[in-house]
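Asker: Here is the input, now give the coordinates:
(one chain, ligands or ions: 2)
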Amino acid sequence: MTTHTYHISNKKIDCIFQASISQLENYAADNAIVILTDSKIASVYHQQLSAYRVISFEAGEANKIQETVDQIILQLLEMEIDKDALLVGVGGGVVTDITGFVASIYKRGLRFGFVPTTILAMVDAAIGGKNGVNIGPYKNMIGTILQPWFILYDYSFLQSLPHEEWVNGFAEIIKHACIKDPVLFASIQQHQLSDYMQDTELLSDLIQKNVALKFEIVALDEMEKNERLHLNFGHTIGHAIENTYQIKHGAAVAIGMVVACHLSESLSGFDLSQTVQIVQLIKQYQLPTGIEMDVDRIIKLVLADKKRAGKDIRFVLLNSIGEAAIQLIPIETIRTHLIEYTS
Ligand code: ADP
Ligand code: ZN
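Answerer: Residues are numbered from 1 along each chain as shown. Ligands and ions are numbered 1, 2, ... in the order given. Now for the predicted structure:
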């Protein structure tokens, strides 16, 4: 077990790696802890969670809505949970997003921490303090930014993680390498997904590097004015594809990264040979590199993006593998590229 403490603004966040969920005892007594989790984790890990009070909700992104938040709050009130309690979200990104949100509004704020159980939540969703819910077709439109007290990494949860969820999480790892870390890029090039699934040391090393990378970016720019925007690499087109075609977030981001690479070639002098390497890496990790798309539908959703600036979109491009940059790109340029790369 190793603990790293990261600093964001004036907050300290402990990351406890290679830990066991029982080490929650270092943060609060079992009877002061309320676990928030989803129905799948609650049933598979019933035994491991039996020492705590547990509130669970139906698994799935469709339940990341205000109604779920209200149901949880009603249960907390029924349990007479007061401000001394510790809320712990045990699950994937949906659980961590909801836990952070509930904890930031229940009785105007409770302490909270996470035990992420998906690769995506371990390297991305649990880090950075963004939390909240979707409303109608709009993703993450309601929420707050508040940092957790700790993130506890218990890799034993990964034993039950479905293969497609492993693949999903690796899209964000590839993204991290592309925007900030050529050494990380080279090291994931040298391995396969199965290597990380079989070797906990190798996996832990990879997760710790990704956690450090994301904390470094968030610490520079918690409010997403500059550097933090780089984490949206592949996400502008990716979110539009995810909403239109109901594919997994990681798959949609992978396709979005390929589109962004091509745009980078023509707008920021990104080298074609580096696009080829990224496409190869995406395939190596069993993610898609393209999809037949209805460009008009995608463009409509891109126009609804939070990062729109008038007729231009604030888009994340690559200068090279490991170096990202923001450019304002006219929507028509994006449309032309999408038509070119989907025909
Ligand atoms: P993400 O982390 O990708 O944002 P979710 O919170 O929606 O995703 O989790 C994806 C799915 O994987 C959900 O159905 C969730 O119940 C399930 N899940 C999460 N962690 C595990 C795990 N360790 N073992 C089995 N299933 C899991
Ligand atoms: Zn993402």
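Asker: Pull up the residues of this structure that are close to ligand 1.
Answerer: Proximity of the chain to ligand 1 (Cβ under 6 Å from any ligand atom) is limited to residues 38, 40-41, 44, 59-61, 91-95, 117-118, 120-121, 125, 157-158, 160-161, 165, 168. Bear in mind the C-beta positions are built from the backbone N, C-alpha and C, glycine included.
Asker: try it again with 8 Å
Answerer: 38-41, 44-45, 59-61, 64, 91-97, 116-121, 125, 157-162, 165, 168-169, 248-250 (Cβ under 8 Å from any ligand atom).
Asker: The residue lying closest to Ser264 once chain neighbours are set aside: how many residues sit nearby?
Answerer: Of all residues not flanking Ser264 in the chain, Phe270 sits nearest, at 3.5 Å (Cβ to Cβ, 6 or more residues apart in numbering). Using other Cβ atoms under 10 Å, Phe270 has 23 neighbouring residues.
Asker: what does the one 3 residues further on give?
Answerer: Ser273 has 8 neighbouring residues, counting by other Cβ under 10 Å.
Asker: ditto for the one 10 residues further on
Answerer: A count of nearby residues for Lys283, using other Cβ under 10 Å, gives 12.
Asker: hang on, it in a helix?
Answerer: Yes. Per DSSP: H, G, I helix; E, B strand; the rest coil, Lys283 lies within a helix segment.
Asker: quick one, strands of the stretch 101-250 of the chain?
Answerer: Along the stretch 101-250 of the chain, the stretches classed as strands by DSSP state E, counting those that start in this stretch are 111-116, 133-135, 138-142, 150-152.
Asker: I'd like the ones you listed laid out as CSV, including mean pLDDT.
Answerer: As requested, the strands of the stretch 101-250 of the chain are arranged in CSV below (pLDDT from 0 to 100):
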stretch, mean pLDDT
strand 111-116, 98
strand 133-135, 94
strand 138-142, 88
strand 150-152, 98
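Asker: For the ones you listed, give me JSON lines that also has mean neighbour count and distance to Phe215.
Answerer: Formatted as JSON lines, these follow (neighbours: other Cβ atoms under 10 Å; distance: least, Cβ to Cβ, whole Å):
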{"stretch": "strand 111-116", "mean neighbour count": "26", "distance to Phe215": "14"}
{"stretch": "strand 133-135", "mean neighbour count": "18", "distance to Phe215": "24"}
{"stretch": "strand 138-142", "mean neighbour count": "14", "distance to Phe215": "20"}
{"stretch": "strand 150-152", "mean neighbour count": "25", "distance to Phe215": "10"}
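Asker: Break the protein down into its domains, please.
Answerer: 2-160, 163-342 (automatic domain parsing).
Asker: quick one: low-confidence ranges for the stretch 151-300 of the chain?
Answerer: The stretch 151-300 of the chain contains no residues with pLDDT under 70.
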